[in-house]
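>>> Build me a model from this:
(one chain, ligands or ions: 1)
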Amino acid sequence: MSGCEPGETVGAFLCQAGQVLRAASVEAPRLEARLLLAHALECRQEDLLRDPRAAVPAEPAERFRRLLAARARRVPMAHLTGEAGFWTLSLRCTPDTLIPRADTETLVEAALEAVPAPRRVLDLGTGTGAILLAVLSERPAAFGVGVDRSPGAAALARENAQRNGLADRVAVLAGDWAAALAGRFDLVLSNPPYIQTGAIKGLMPEVAAHEPALALDGGADGLDAYRALAAALPGLLAPGGRAVLELGQGQRAAVEELARSAGLVPLFCRPDLAGVPRALVLGAP
Ligand code: GLN
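Model (predicted):
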C-alpha cells in the first residue's frame, strides 16, 4: 500500500489497515485499525504502539485480515470484537440486539436522578441489558426485570447480568413487553424502537444492514412503541413511580402529548452530549 512499510509487522499492518478503512469511509480509521489488530493479537492497544517493528505471527495475521475485510464491509466493531462498553460495564454484543450507544447513558443519568432509591426496576426492550444493568450497578438495593420480544436478546441480557455480577438481582423474560408482567415498578426504563420505517435504509450501513429492525423500527411515524408504552405505563408504575424513555431526535413534543393523553405527567427531559432532548422522565398518573 502506498506510503506503508512493507512486511508483516505491527506498524505495516496498522498503516495498511488504516488506508483500507479510510477508503471504506469508516469514521476513525487509525483508531479502529488499532482496535482490530489488538483484538487479533489478544493484546491491549498500548502494547501495539510499544514496538511497531514487532512481527505479527501467521495466525493472528490471518484473523486480522478477516476482521479488517469485515469492518471494510461496515460490519459494526462491536460485532467483530463481540463486546461494547456502556456506563462502567463491559457488555457482550451480538447481532440479536442494538449495540449500546453513548447517547443512551443519558437515560441512566436521568433515571438515577428521577428515582434515587428504586426497589423494583423494569426495562422494556432490554436488548443487551445495558440500561437496566447500569442502573442496578449504581443501586445495590434494587431488583430488576428486563423484557424483550427477542429470545436471543433476552438470553444475551441474562449473560450480561452474569458477566457483570448482577445476575442475582435480575430476571429477564422473553415476551411482548408488558403483557408478560404483573406488579408495579418504581422505575420503568425503555429505549424503544423509534426510527421511522422509511428512514432506516438511510442510516449508516453499520446500523441499517447489521442491527435488528425489531430494535429500530418505530413504524411509519416512528411513534408506534411510544403509543404502546403510553397505554401500558399507567398499569406498571407504582404510586410516585417514574418512567424514563429514550427519544429520537425531534420526538419530544409528540411523545409528551401521547404521555399526557394517557394521564402520565412529563416532568423533565435530559439532553444528550450533543444537546438533543434524549431522556424523557414521566410521572405516574
Ligand atoms: N439511536 C439509534 C440510532 O439512531 C436508534 C435506537 C432506537 O431506535 N431506539 O441508530
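>>> For the rest of this, base every contact and every neighbour count on C-alpha atoms.
Will do.
>>> So what's the gap between the lowest-mean-pLDDT helix or strand in the chain and the chain middle?
Least confident element among the helices and strands of the chain, by mean pLDDT, DSSP states H and E: helix 45-50 (a mean of 90). Distance, stretch centre to chain centre, for helix 45-50: 28 Å (C-alpha atoms, centre = their mean, to the nearest Å).
>>> what's downstream of it, the next helix or strand?
Counting by DSSP states H and E, the next helix or strand C-terminal to helix 45-50 is helix 58-72.
>>> quick one: buried residues of that next one?
Within helix 58-72, the residues that count as buried by 16 or more other C-alpha atoms under 10 Å are Pro60, Ala61, Phe64, Arg65, Leu67, Leu68, Arg71, Ala72.
>>> before we move on, what about stretch 169-183?
So for stretch 169-183, counting by 16+ other C-alpha under 10 Å, buried means Arg169, Val170, Ala171, Val172, Leu173, Ala174, Gly175, Trp177, Ala178.
>>> Repeat that for stretch 68-87.
Under the neighbour-count criterion of 16+ other C-alpha under 10 Å, stretch 68-87 has 68, 71-72, 74-81, 83-87 buried.
>>> Can you give me the first-to-last residue distance of it?
Using C-alpha to C-alpha, to the nearest Å, one end of stretch 68-87 lies 27 Å from the other.
>>> What segments of the stretch 51-200 of the chain are helices?
All helices of the stretch 51-200 of the chain, identified by DSSP state H, counting those that start in this stretch, fall at 58-72, 77-81, 105-114, 130-138, 151-163.
>>> Can you give me the neighbour number for Leu91?
Using other C-alpha atoms under 10 Å, Leu91 is surrounded by 26 other residues.
>>> For it, give its distance to Leu156.
For Leu91, the distance to Leu156 equals 9 Å [C-alpha to C-alpha].
>>> Repeat that for Leu282.
Leu282 is 28 Å from Leu156, by C-alpha to C-alpha.
>>> which residues touch Pro60?
Contacts for Pro60 (C-alpha atoms under 8 Å, 6 or more residues apart in numbering) come out as Ala40, Leu41.
>>> next one: Thr88
So Thr88 contacts Ala134 (C-alpha under 8 Å, 6+ apart).
>>> Quick check: the gap between it and Val108.
Remark: distance between Thr88 and Val108 (C-alpha to C-alpha) = 11 Å.
>>> so what's in contact with the two at the same time?
Ala134.
>>> residues in contact with the residue in the stretch 51-200 of the chain that the ligand sits nearest to?
Residue nearest to the ligand within the stretch 51-200 of the chain (C-alpha to the nearest ligand atom): Pro193, separated by 3.6 Å. Going by C-alpha under 8 Å, 6+ apart, Pro193 touches Leu214, Ala215, Leu216, Asp217, Gly218, Gly222, Ala225.
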